[in-house]
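Participant: sequence and predicted structure, then a few things I'm wondering about:
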Amino acid sequence: MTSAGTHATQDGGGGARTLTAAAVASAVWGRVIGDADAVVAAVAPLDRAGPRDLSFLASARYASLLANARAGVVLVAPDLAETEGAQVKARVVVEKPHEALLTLIPRLYQPPTRAPGIDPTARLGRGVTLGDGVTVGAHAVIEDAAAIGDGSWIESHVVVGSGVTIGRDCRLHPHVALYPGARLGDRVQIHSGARIASDGFGYVFREGAHQKIPHVGRTIIESDVEIGANTTIDRGSIDDTVIGAGTKIDNLVHIGHNVRIGKLCLIMAQVGIAGSTHVGDGVILAGQVGLSGHIEIGKGARLAAQAGVFGDVPAGETWSGYPARPHRESLRSHAALFKLAGMIRGLEKLLARSEG
Amino acid sequence: MTSAGTHATQDGGGGARTLTAAAVASAVWGRVIGDADAVVAAVAPLDRAGPRDLSFLASARYASLLANARAGVVLVAPDLAETEGAQVKARVVVEKPHEALLTLIPRLYQPPTRAPGIDPTARLGRGVTLGDGVTVGAHAVIEDAAAIGDGSWIESHVVVGSGVTIGRDCRLHPHVALYPGARLGDRVQIHSGARIASDGFGYVFREGAHQKIPHVGRTIIESDVEIGANTTIDRGSIDDTVIGAGTKIDNLVHIGHNVRIGKLCLIMAQVGIAGSTHVGDGVILAGQVGLSGHIEIGKGARLAAQAGVFGDVPAGETWSGYPARPHRESLRSHAALFKLAGMIRGLEKLLARSEG
Amino acid sequence: MTSAGTHATQDGGGGARTLTAAAVASAVWGRVIGDADAVVAAVAPLDRAGPRDLSFLASARYASLLANARAGVVLVAPDLAETEGAQVKARVVVEKPHEALLTLIPRLYQPPTRAPGIDPTARLGRGVTLGDGVTVGAHAVIEDAAAIGDGSWIESHVVVGSGVTIGRDCRLHPHVALYPGARLGDRVQIHSGARIASDGFGYVFREGAHQKIPHVGRTIIESDVEIGANTTIDRGSIDDTVIGAGTKIDNLVHIGHNVRIGKLCLIMAQVGIAGSTHVGDGVILAGQVGLSGHIEIGKGARLAAQAGVFGDVPAGETWSGYPARPHRESLRSHAALFKLAGMIRGLEKLLARSEG
């Protein structure tokens, strides 16, 4: 096949490029201890890093691993700089080893290469407009009147519905489906199997049947949003469903019709958000949280994993549990409950006595 | 591409057709106040409706929006008919604005047009039978001996397994997979990425391994069922999995092997139903509800969001919580629990005194 | 189409082969009562089995069904051998009717037939290596440098990322996507729509944005693993995500980056496992369980449905509830809670009196 749709060098093997300990240090404003010429070509955790691997030690909790580590270069936090570890060729002392890795990985792993162009097996509808440097992969289907911005990458088996607009430098992984009504900003990344702008769940019971409410609203995905694998985001019924700029959504999340999510939110795996609920900027929803419909989650609020939320949550607060309450209250209730189990018999006696 | 598989006019933009305020009123048995000749071409919410948009005001809660609304025509409930709103050209007074919209949307938004026919990139197996007016989209795969009824629409990238039968006027959105064993009635609609008749989760531990129980049952989807995006419905092991006529299922729902769902149920997003459980007619399961295996949910029962159900639920009752109980009991327990947190120290003292 | 990708005889209808009651008995070391020449061609449950169907009666709970059963042959447990059931031609007495079925189904239902070979519509990248007897279905995409072992079956619409390795006798159902970084052992079966080695959910907030942590780890699926429909398993960030040999995973499960699952685990539908959590061998996670990140679940532990687990769970223990506790404790707490609801007023009075 053409290289359209390929992710040739993303396979975790690295080795495409190399760095010396000295180069690592200068890239992250660090200080070398040991062999400044030690060469690394990939990143690996301390316990399985080899002589050509870059690794890191960020917390004292894992310091013992360094003793037997055989990594070429290890990024270490200042307070751990002297940790024992004889087989390591070089260590680079840096304030935040984790963040340093972010800077270094792109220098060791080149980005997935792909040739711009339309794979011959792709199907383009009437009146489709493509920007410069767009890649369309094998068997992709772009329906009538869709528009794709400069540099965007539509991978194999993606289906883009008619009239959909996609901004610049977006990436749609294999098997993504965008129903008509989807509107994507720039640099949006959508993972395999996500469904955007599918019909919402809305019916009116009439004449002995659940009659479908036609969905004619849109799904607006603002710039710099990332959406996880197999996540579903419904289109609005009449109003729009909106995901704010810079928000990141994990796998298997459900977002119902007319929901509005603010900017820079983090929404973790298997969260469910029912129709017409509004989520403010910077909100964090942990895994499996459920939000009922037509409620407001204030700016910067946080919901703990599995929280079941049936009412509004004030800005900045952390809530948890079912039904969700301020986290402190939930903790106190759970503590009280587990004490109660041991007291209940005694309390029953007390009551009996006082009432008898 | 051919127009097979396209949803050309579903993109929420409307504009394909127009209605005057007078035409709107006569269509919904309403009464015009204002300019009977005002023309609308699309539907929009009050806060962003323009002069050529139809909007609605159904509840006093949103009455304030009318003051600044610039819609062409607004459907209003009788008690809100006189609400202030000078920039609106016309209002149509009608008993149920929401239901009136259902009648009007199809008149403004023509249904997605598609040409019957088989896209040249589709693959048909041996002995496939297709009814009149069937559409098969790009890259679809119809395996041996499958049968598709008159007027059904198989969109791009759908895979229909061998021997599968599909009734009349069904619609399968992109990337749907029907394993062998699937049997669909008429007017069934299945959204993108749903998996029907996949193997159930059944193993016997023998000779040090989980040995797979072969699944040879069917998945029967009766007429007028709608199934959401990325939902999975397993085939029966020996018996069948059955979804009753007119039942509607939301996104990311899991339905295990041998489950039987009655008619006209509503099953909301991320519900999970374990194997061999039976759900009666007209049951409502709210988001993220979990039903354990081999239980009975009686006709017309309702389960609140996130309920964890481990036993039978009587017909007509509303249950909630974990473990699920009648809703009243659950509410009383939660209220008692949150009171308890403030009482627990005092109660401990009382007990100590009474016992010491 | 070619038969690549077809499951011609899996459709639950059976009839491809037949067995006499005598043959059934000898296959499962059972004893015939009645007509040893009775012929069966398929398997069906007692309530709808016909004269050419094999059925079974394993528990007294269903004994009444035998009275009206019209099955050709029924497998019965010894203690139920004499159960009344005049219309059944023959019964075969066997210790474990359920397990006997496992032996018999493959003799009645021939395995799905498929011709080895590459469908002409499949796309193969550069440097792809295929073993003997590999089948690649319609529209499948195998990217550069991927390797597929002998006898493996890649069904239609599967996307195999560049550099992915797949062992012998694996089966990937339609619409599976393997991102680069996926490594499959032998006899791995992955159901429709599962996403393997997608990017994990990892960001660092820097310069006013959630900056993506590049994921360069692998997803290692060991031999004899089965993965359900629409399940997502993320690749490791730097370390690997690992699924141990013989583990079975149901539909719509989420497994985060760097998670390690042991051997022979059972993970049921809609379970979510957050990043870097380790699950020991033989663990059972029931439906909708949530495990938070960076925790340890000991060997052979069991988590009840919907459990929310925020800390380590010792080997061999059964835990339940939210927050998860040893099952006994959870039961006692719930019992106490439901008693409390009836006592709370009385207790308030007691406290008032004692304090006033």
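Facilitator: Now that the structure is in, tell me what you want to look at.

Participant: between the helix of greatest length in chain A and helix C:327-355, what angle do the directions make?
Facilitator: The longest helix of chain A (DSSP state H) is helix A:327-355. Direction vectors for helix A:327-355 and helix C:327-355, defined by axes from the mean of the first three to the mean of the last three Cα atoms, to 10 degrees, enclose an angle of 60 degrees.

Participant: and helix A:327-355, average pLDDT?
Facilitator: What helix A:327-355 shows for mean pLDDT is 91.

Participant: who does the strand or helix carrying A:Leu54 pair up with?
Facilitator: Assigned by DSSP states H and E, A:Leu54 falls within strand A:53-57. Its sheet considered, strand A:53-57 pairs with strand A:42-43 (parallel), strand A:73-76 (parallel) by DSSP bridges.

Participant: and the contacts of the longest one?
Facilitator: It stands for strand A:73-76. With contact meaning Cβ atoms under 8 Å, 6 or more residues apart in numbering or on different chains, strand A:73-76 is reached by A:19, A:21, A:24, A:28, A:30, A:38, A:40, A:46, A:49, A:54-58, A:66, A:83, A:85, A:88-94, A:97, A:100-101, A:104. All C-beta spots, glycine's among them, are computed from the backbone N, C-alpha and C.

Participant: how about 6 Å then?
Facilitator: Here strand A:73-76 makes contact (Cβ atoms under 6 Å, 6 or more residues apart in numbering or on different chains) with A:21, A:24, A:38, A:40, A:54-57, A:88, A:90-94, A:97, A:100.

Participant: and it, which residues are buried?
Facilitator: For strand A:73-76, the neighbour count (16 or more other Cβ atoms under 10 Å in any protein chain shown) marks A:73-76 as buried.

Participant: hey, C-alpha coordinates of it in CSV?
Facilitator: Output in CSV follows, covering the C-alpha atoms of strand A:73-76 (Å, rounded to 0.1, in the frame of the first residue of the first chain):
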residue,chain,number,x,y,z
VAL,A,73,21.5,6.9,30.9
VAL,A,74,19.1,7.5,33.8
LEU,A,75,17.4,10.8,34.5
VAL,A,76,17.5,11.3,38.3
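
Participant: pLDDT on it, on average?
Facilitator: Per-residue pLDDT over strand A:73-76 has a mean of 96.

Participant: contact residues of chain A facing chain C?
Facilitator: Contact residues (Cβ under 6 Å from any Cβ of the partner chain) of chain A with chain C: A:1, A:6-8, A:10-12, A:43, A:45, A:105, A:109, A:138-139, A:156-157, A:174-175, A:191-193, A:229-230, A:246, A:248, A:250-252, A:269-270, A:287-288, A:305-306, A:337-338, A:340-341, A:344, A:351, A:354.

Participant: sort out for me which of those residues are in strands.
Facilitator: Among the residues of chain A next to chain C, the ones falling in strands (DSSP state E) are A:43, A:248.

Participant: which among the residues of chain A next to chain C end up buried?
Facilitator: A:1, A:6-8, A:10-12, A:43, A:45, A:105, A:109, A:138-139, A:156-157, A:174-175, A:191-193, A:229-230, A:246, A:248, A:250-252, A:269-270, A:287-288, A:305-306, A:337-338, A:340-341, A:344, A:351.

Participant: show me the domain layout of chain A.
Facilitator: With domains defined by automatic domain parsing, chain A comprises A:2-108, A:118-328.

Participant: most packed of the ones you listed?
Facilitator: When those are scored by mean count of other Cβ atoms under 10 Å in any protein chain shown, the highest mean neighbour count falls to domain A:118-328 (a mean of 23).

Participant: how far off centre is that one?
Facilitator: In terms of Cα atoms, centre = their mean, to the nearest Å, the gap separating the centre of domain A:118-328 from the centre of its chain is 12 Å.
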